[in-house]
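Enquirer: Pasting the sequence and the predicted model now:
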Amino acid sequence: MNLTHLNSLIPGPPHKGINPKKMGDIGESIKWPKIKLKPNLNVSLLKNHDLFTVENCLSSDESKAFVKITESLGFTHQGSRGPAYGEAYRDNHRISVNDPVLADTLWQSGISNLFTDIKIRRKVAVGLNPNIRFYRYSAGQHFGRHIDESVDLEDGKRTYYTLLIYLSGNSTKSKSKSSSSKTNDSSSAEPLVGGETVFYGSRNSIVAEVAPMEGMALFHIHGDKCLLHEGRNVSKGVKFVFRSDVVFA
């Protein structure tokens, strides 16, 4: 069952006079955290270069700052009609902004170095999708099994990888099936429990389970080769995620 993740834009709510219909266009007017250079990022392969994680893609201070700013902007609930209508079950809150400067700043901070040897259909990675999305999952919310589609951009560019950066979660490395009770959440006194991103192979076999860890990036190939995956239910605390895509040309 391959349920498609729809990449429709859902603008955020009003904030200090912002028209919600224009939220997708105001990214460059938001004062985002300064992102420091990280030249020595280390890759942990989960399924060759189709699926890998990178710790400390954002620092703890940077992650917390993104959470604080997005909370001040306000999130809009996002749901779906569910599998009965051919849609993955979805229950979370989201902000979507268009910000080429933020996308380029994050790309140049160290992520570009991770893709120097990765080519797809003779195309090379050139940056991140300026359509930046932020997700917020509270206790009881999750994203059912789905796949992420590639997106065609201008000038023959196309996205081939999903980028997720966890803005809350474990402060120490954990690859267990559930988050540690010592988890530190960025905005809540409650620790984050649950919310793992799980990837499936043939016959529903689990390929990888990734527990949220503050500042850690998760990259996975999408489109034709995308693995079926889900965001498990959050049991306690709040899961915040930064979402973009790696663009090839």
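Expert: Everything's here; your move.

Enquirer: Name all residues that make contact with the spatially most central residue of the chain.
Expert: The residue lying closest to the centre of the chain (CA atoms, centre = their mean) is Leu164, at 2.5 Å. The contact partners of Leu164, by CB atoms under 8 Å, 6 or more residues apart in numbering, come to 197, 217-219, 241-243. For the C-beta atoms, the positions are set from N, CA and C on the backbone; glycine is no exception.

Enquirer: Output those residues as JSON lines; include the columns neighbour count, pLDDT and distance to Gly110.
Expert: JSON lines is the format used below for the contacts of Leu164 (neighbours: other CB atoms under 10 Å; pLDDT from 0 to 100; distance: CB to CB, whole Å):
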{"residue": "Thr197", "neighbour count": "22", "pLDDT": "98", "distance to Gly110": "21"}
{"residue": "Ala217", "neighbour count": "23", "pLDDT": "98", "distance to Gly110": "10"}
{"residue": "Leu218", "neighbour count": "23", "pLDDT": "98", "distance to Gly110": "15"}
{"residue": "Phe219", "neighbour count": "25", "pLDDT": "98", "distance to Gly110": "13"}
{"residue": "Val241", "neighbour count": "24", "pLDDT": "98", "distance to Gly110": "19"}
{"residue": "Phe242", "neighbour count": "24", "pLDDT": "98", "distance to Gly110": "15"}
{"residue": "Arg243", "neighbour count": "17", "pLDDT": "98", "distance to Gly110": "18"}
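
Enquirer: With respect to Arg136, which of these is nearest?
Expert: Top of the list for closeness to Arg136, among those and by CB to CB, is Val241 at 7.9 Å.

Enquirer: Can you name the residues that contact that closest one?
Expert: With CB under 8 Å, 6+ apart, Val241 has these contacts: 134-137, 164-167, 212.

Enquirer: Quick check: longest helix in the chain by residues?
Expert: helix 60-73 (DSSP state H).

Enquirer: Report the distance from the one helix or strand Val101 maps to to the chain centre.
Expert: Val101 belongs to helix 100-108 when assigned by DSSP states H and E. Distance of helix 100-108 from the chain centroid (CA atoms, centre = their mean, to the nearest Å) equals 15 Å.
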